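Enquirer: the amino acid sequence is not available; the structure is as follows:
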């Protein structure tokens, strides 16, 4: 069964509003989670690394004031898309590492499809 | 990050083996080779990973060249549910290396009935 849960799976919002996406590790603790974005027919692009209890690390070109990440507990990270615009419409996916080994595989959520009208 | 090169697409018939190649000529000694796949409208799914020796699990086998500059993911009997985009990714295991996975374009596998 799923080990990383993402919610909501789909969301439609109006331009200018903010949307919060949740990513939960279901039966393990994750000190680090990753947020990706995927446009149609393209590969996943890493947006940021979410660290429990500290600030997220953003990839180059990703606006941290627009994509707010909060990793308040060992099982929950949230991504808030602030003042969303149609160009933010995309498939957002989170992932987390399960297991103590550095090379433990990452588990991914099933993604959130955001449509901004 | 060291780069990988994969064919854009491949086709297979159901119940036949599939060999998905990946070139990584600039691989470093501390890079693990990871494979993930992504079914349509889903998040990626871990398939297998290895360092030097060939690896087998219930999903697939991973054959790694002796010089580690290439590898092949083997699906022994393709099913329609194996139709997905397969990503070959290098992951630095060195201390201080990043955990993050950087995805390339992958190989889109089509399985014909």
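Expert: Okay, I see it. For clarity, every value in this text was computed on a predicted model and none was experimentally measured.

Enquirer: next, the buried residues of stretch B:105-113.
Expert: Residues B:106-109, B:111 are the ones in stretch B:105-113 that count as buried (16 or more other Cβ atoms under 10 Å in any protein chain shown). Quick note: C-beta positions are derived from backbone N, CA and C, even for glycine.

Enquirer: looking at these, which are in strands?
Expert: When DSSP state E defines the strands, the subset of these inside them is B:107-109, B:111.

Enquirer: one step back: TSV for the buried residues of stretch B:105-113, including distance to residue A:36?
Expert: What follows is the buried residues of stretch B:105-113, written out as TSV (distance: Cβ to Cβ, whole Å):
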residue	distance to residue A:36
B:106	13
B:107	19
B:108	18
B:109	21
B:111	25
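
Enquirer: ok, of those residues, which one's closest to chain A?
Expert: Lowest distance from chain A to those (Cβ to the nearest Cβ) belongs to residue B:106, with 6.3 Å.

Enquirer: what segments of chain A are helices?
Expert: With DSSP state H as the criterion, chain A has no helices.

Enquirer: would you map the strands across it?
Expert: With DSSP E as the criterion, chain A has strands spanning A:4-7, A:10-13, A:19-25, A:32-38, A:45-51, A:57-58, A:67-73, A:76-81, A:90-97, A:106-108, A:112-116.

Enquirer: of all those, which one is nearest chain B?
Expert: Smallest distance to chain B across the strands of chain A (Cβ to the nearest Cβ): 3.3 Å, for strand A:106-108.

Enquirer: give me the contact list for the closest one.
Expert: Defining contact as Cβ atoms under 8 Å, 6 or more residues apart in numbering or on different chains, one finds that strand A:106-108 is touched by A:3-4, A:25, A:34, A:93-98, B:36, B:43-46, B:99, B:101.

Enquirer: show the buried residues in those residues.
Expert: Buried subset of the contacts of strand A:106-108 (neighbour count, 16+ other Cβ under 10 Å): A:4, A:25, A:34, A:93-98, B:36, B:43-44, B:46, B:99, B:101.

Enquirer: low-confidence ranges in the chain?
Expert: Unless you meant another one, I'm taking chain A. Across chain A, the ranges flagged by pLDDT under 70 are A:1-2, A:100-102.

Enquirer: try again with chain B
Expert: Where chain B drops to pLDDT under 70, the residues are B:1-2, B:93-99.

Enquirer: residue boundaries of the helices in it?
Expert: Counting by DSSP H, chain B contains no helices.

Enquirer: what does it put close to chain A?
Expert: Taking Cβ under 8 Å from any Cβ of the partner chain as the criterion, chain B approaches chain A at residues B:32, B:34, B:36, B:38, B:41-46, B:49, B:87, B:91, B:93, B:98-106.

Enquirer: can you rerun that using 10 Å?
Expert: B:32, B:34-36, B:38-39, B:41-51, B:85, B:87, B:89, B:91-95, B:97-106, B:108 (Cβ under 10 Å from any Cβ of the partner chain).

Enquirer: hmm, residue B:82 and residue B:13 touching each other?
Expert: No: using Cβ atoms under 10 Å, residue B:13 is not in contact with residue B:82, being 11.5 Å away.
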